[in-house]
Every structure is written in structure tokens, then in C-alpha cells.
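got a structure for you, letters missing:
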């Protein structure tokens with residue numbers, strides 16, 4: 001497929017792209033984040049089946065990323081090392097002339113040199129084939145070593161299926177290696193090739209010393225997986241570390257304020273920091289937090305904040321799971337136009353819509369008795385504003 005001969009304004013292309021995949025603000029912030037990573041914003045491992053049967057779709061994705069100024073590190077051969085060099089060269093040839101690319105050795109120096117030269121590195125893993133069923137597949141060790149050396153934060157396995165799909169047919173959107181890996185590795189839980197891929201992904205995440213998330217998707221859903229919080233496929237990662245600070249003791253208030261203001265994109269009221277709290281839950285070194293206050297009725301969720309990057313990694317789910325386990329009775333409010341309100345609806349026992357001080361709110365609750373609901377609505381409606 002040859003690139004269009006008509007010049008395309010990059011800004012126009014970006015705007016079309018943002019409008020096509022969902023919320024423009026999410027994609028714009030991901031784009032800004034990716035452009036700031038000079039070491040390759042993501043590592044894409046492309047399966048043999050995609051190179052054989054769906055290379056055209058992958059080439060379209062890579063050309064689009066190139067127009068956005070993004071150059072991923074592409075790796076082939078961890079899944080099947082045989083003829084990896086030849087498959088890598090075929091991909092380089094398919095990308096030309098629109099996307100400059102090189103076949104490189106799977107080491108940090110070669111990959112970095114290609115990126116510095118403005119080219120997409122296509123690294124071919126040609127290590128001897130191991131048993132794909134082995135607990136320790138040396139081909140995936142090469143992939144883990146490369147991710148470690150480059151400081152890669154995200155690996156995407158691009159295969160024929162968008163995500164891990166158990167035998168009951170549903171795609172798993174998020175898989176926590178800490179608590180769920182053993183369940184999905186039970187015999188019959190996943191098709192055998194996917195179970196082995198999950199096993200190797202677990203090894204990679206355990207081996208790489210820095211924070212790493214791994215996605216499984218297809219070429220048709222690659223851009224949505226990269227540029228939206230919801231994604232399209234399966235995100236595999238280690239569960240977040242959640243620390244509870246009773247009465248807020250030990251919390252870094254400056255980092256908490258920065259997190260909340262980034263998440264809501266507005267400054268907090270000076271009065272917010274002075275309020276007494278029941279507990280503050282902090283996730284992954286202030287990538288997410290929940291502020292709980294006491295009321296005469298039940299604990300009140302004053303703030304639930306997660307950074308954009310952490311939302312895409314499931315940190316919000318980890319926070320909520322901890323709150324659900326420790327606070328069976330809880331109520332809170334959310335602006336009606338807040339995108340997270342739709343997610344909150346799936347977490348609550350009930351909700352009520354109202355307008356307070358000219359703002360449309362949704363009051364939500366869990367674990368409250370019917371006679372307590374009116375009080376919860378009244379208390380939430382009268383809560384002081386949190387933002388300046």
C-alpha cells in the first residue's frame with residue numbers, strides 16, 4: 001500500500017484521529033505523553049500470524065503513528081524465532097517508502113541508534129527456538145532484556161485476536177497478575193496458545209525491574225488500545241500497591257493535591273486541605289488516591305482521583321476494590337457530565353440525580369438501607385465545593 005500523493009496537514013490528521021477513536025482529550029494527552037518518550041513510546045511484538053495474514057492492517061497503523069511523529073520499537077520472533085530476520089525484512093519493505101525502518105539486532109544500542117536516526121527499529125529475535133510450552137522460554141528472555149535496557153513502560157503483543165479470550169468467549173479487558181494469573185492458567189481456562197502467552201507475559205513483568213504494563217490486541221484495535229483509557233484488548237499488569245493513611249497521617253499533601261488537580265484539571269479550594277478526613281488511600285506512589293471523610297450517616301467518598309496514564313492501567317479498579325473490601329457502606333457524588341459517572345453506575349447499589357447550586361450531580365451509594373437514602377442525598381447535595 002503506497003502513501004497518498006496528496007500532502008496531509010499533520011494537525012488535520014491528528015484532529016481526524018482524535019475524533020475517530022473516542023474522547024479527544026484522552027487521545028491528545030496520550031499523544032503528548034508518547035511524544036515525550038524519546039526511547040520509543042511502546043514496544044510492539046508482532047506475531048508470525050499477523051505478519052503472514054494481516055500485514056496490511058499493521059502497516060496502516062505504523063504509517064499513521066509515523067505521521068504523528070511516533071516510532072515504536074517493533075520486535076518479531078519471541079513467539080516464533082524461525083525465519084525472524086526474513087519476516088522483519090518483509091515488514092521493513094512493506095513500510096517503505098512512507099515509514100523509514102531498519103532491521104536491527106535485539107539490543108538496546110542498535111535500537112537506540114535507529115530511533116536516533118529517525119527510523120523505526122524492527123528487531124528480530126533469532127535465538128534458538130525453545131519449547132513454547134516451557135516455563136522459561138529464552139526468546140521471551142531476550143524481549144525482557146531489551147525492555148529492561150530501554151526502560152520500556154509498555155509492551156503490546158499484536159496478534160490475530162484482540163485480547164485474551166477464555167473458552168466461554170468473552171474477552172478479558174484487564175488481568176491482574178497478582179491475583180488472577182493462577183485462575184487463568186488453570187487447565188481449560190484459556191486456549192492453550194493464549195495460556196502460554198500469559199505465562200510468558202508474567203515472566204516478563206516479573207523480570208523487568210521497572211513498572212511495566214503489557215497489552216494483547218490485534219492490528220485492527222491497536223490505535224484504540226494505545227490512545228484510549230478503555231483500550232481494546234487485554235491489559236495485563238501487576239496489581240497496584242494501595243496504602244491506607246488513617247486520618248491522612250503520613251500523606252504527602254503536595255503530591256496528593258497535584259494528583260487531584262491533574263485528574264480533575266482544576267485547582268482545589270484552600271479549604272479542602274483543612275478538612276478532617278477518615279482515611280486517604282494512595283495507590284502506586286500517588287498515581288491514584290481516594291479521600292474518605294466521616295459523616296453522621298456513613299463514610300463519604302470526597303475525592304477519587306487517578307492520573308490519565310494510571311486509568312488506562314487499571315489503577316482505579318484496584319483502588320475501588322480496596323474501598324469495597326474495607327468500606328461496605330459508602331456514598332458519594334459525581335458531576336453528571338463527568339465521564340467516570342458512567343463507571344460509577346456499575347459500582348453502586350443506587351443513584352439519584354439532582355441539581356445543586358446550578359450544577360447537575362448524581363448521588364450514588366452502596367450498602368445503605370432504604371431509610372438512609374434520603375439523608376445521603378441531602379448530605380451529598382449540601383457538601384461544600386472542593387474546587388476553587
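Cool, got the structure. Just so it is clear, the model here is predicted, and its values are computed rather than measured.

please look at residue 247 and residue 279 and confirm they touch.
Yes. The pair formed by residue 247 and residue 279 meets the contact definition of C-beta atoms under 8 Å, at 7.2 Å. (Each C-beta comes from the backbone N, C-alpha and C, glycine too.)

what about the two, which has more around it?
residue 279 (20 against 12; other C-beta atoms under 10 Å).

could you check the pLDDT of the more buried one?
For residue 279, the pLDDT comes out at 97.

residue 121 now?
pLDDT, residue 121: 96.

likewise for the one 5 residues further on?
Per-residue confidence (pLDDT) for residue 126: 84.

list phi and psi for the closest residue to residue 181 other than its chain neighbours.
What sits nearest to residue 181 in space, not counting adjacent residues and going by C-beta to C-beta, 6 or more residues apart in numbering, is residue 202, at 5.5 Å. Backbone torsions for residue 202, taken as degrees, to the nearest 10, come to phi -60, psi -40.

do I have it right that residue 202 meets residue 177?
Yes. Between residue 202 and residue 177 a contact is recorded at 5.4 Å, counting by C-beta under 8 Å.

helix or strand right after the least confident helix or strand in the chain by mean pLDDT?
Lowest on mean pLDDT, DSSP states H and E among the helices and strands of the chain sits helix 10-21, with a mean of 62. Of the helices and strands lying after helix 10-21 in sequence (DSSP states H and E), the nearest is helix 24-35.

and the next helix or strand past that following helix?
Scanning forward in sequence from helix 24-35 by DSSP H and E, the next helix or strand is strand 43-46.

ok, that following strand: who's next to it in the sheet?
strand 73-76 (parallel), strand 154-158 (parallel) (DSSP bridges).

what's in contact with that strand?
The contact list for strand 43-46 (C-beta atoms under 8 Å, 6 or more residues apart in numbering) reads 58, 72-76, 78-79, 91, 143, 146-147, 150, 152, 154-158, 222.

again, only using 7 Å
58, 72-76, 78, 143, 147, 152, 155-158 (C-beta atoms under 7 Å, 6 or more residues apart in numbering).

and what of stretch 53-62?
Against stretch 53-62 from outside (C-beta under 7 Å, 6+ apart): 1, 46, 50, 91, 94-95, 99, 120, 158, 160, 219-220, 222-223.

got a PyMOL select line for the buried ones in these?
To isolate the buried members of the contacts of stretch 53-62 in PyMOL, using 16 or more other C-beta atoms under 10 Å:
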select buried, resi 46+50+91+94+95+99+120+158+219+222+223
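
just the contacts of stretch 53-62: which are in helices?
Members of those lying in helices (criterion: DSSP state H): 50, 91, 94, 95, 222, 223.

tell me which element the closest residue in space to the third one that isn't next to it in sequence falls in.
Yep, that's residue 94 we're talking about. Spatial nearest neighbour of residue 94, excluding adjacent residues (C-beta to C-beta, 6+ apart): residue 59 at 5.1 Å. Using DSSP H and E, residue 59 maps to helix 55-67.

so which bits of stretch 269-278 are buried?
Buried residues in stretch 269-278, counted by 16+ other C-beta under 10 Å: 272, 277, 278.

of these, which is the nearest to residue 32?
Nearest to residue 32 among those is residue 272, at 27.1 Å by C-beta to C-beta.

burial of the residue lying closest to the closest one once chain neighbours are set aside, as a residue count?
Leaving aside its chain neighbours, residue 272 sits nearest to residue 386 (5.3 Å; criterion: C-beta to C-beta, 6+ apart). Burial of residue 386 is recorded as 16 neighbouring residues (other C-beta under 10 Å).

from what I see, residue 386 and residue 267 are in contact.
No. Under the criterion of C-beta atoms under 7 Å, residue 386 is not in contact with residue 267, lying 10.2 Å apart.

okay, the contacts of stretch 53-62 in JSON lines with distance to residue 84 next?
Below are those laid out as JSON lines (distance: C-beta to C-beta, whole Å):
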{"residue": "1", "distance to residue 84": "23"}
{"residue": "46", "distance to residue 84": "10"}
{"residue": "50", "distance to residue 84": "13"}
{"residue": "91", "distance to residue 84": "11"}
{"residue": "94", "distance to residue 84": "16"}
{"residue": "95", "distance to residue 84": "17"}
{"residue": "99", "distance to residue 84": "20"}
{"residue": "120", "distance to residue 84": "16"}
{"residue": "158", "distance to residue 84": "15"}
{"residue": "160", "distance to residue 84": "18"}
{"residue": "219", "distance to residue 84": "19"}
{"residue": "220", "distance to residue 84": "24"}
{"residue": "222", "distance to residue 84": "20"}
{"residue": "223", "distance to residue 84": "25"}
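
specify which member of the contacts of stretch 53-62 is nearest to residue 113.
Closest to residue 113, out of all of the contacts of stretch 53-62 and judged by C-beta to C-beta, is residue 120, at 12.4 Å.

who's that closest one bridged to?
With DSSP bridges as the rule, residue 120 is bridged to residue 101.

what does stretch 332-343 rub up against?
So stretch 332-343 is contacted by 23, 300-301, 344, 353, 359-364, 380, 383 (C-beta under 7 Å, 6+ apart).

try 8 Å
Applying C-beta under 8 Å, 6+ apart, the external contacts of stretch 332-343 come out as 23, 300-302, 304, 316, 344, 353, 359-365, 380-381, 383.

relative to residue 277, how far out is residue 300?
Distance, residue 300 to residue 277, using C-beta to C-beta, to the nearest Å: 10 Å.

what touches both of these two?
Shared contacts of residue 300 and residue 277, defined by C-beta under 8 Å, 6+ apart, comprise 292, 293.

ok, back up a step: distance check, the residue nearest to residue 272 against residue 310.
20 Å.

repeat that for residue 258.
13 Å.

neighbour count winner among the two?
residue 310 (22 against 14).

what strand or helix carries the more buried one?
Using DSSP H and E, residue 310 sits in helix 308-311.
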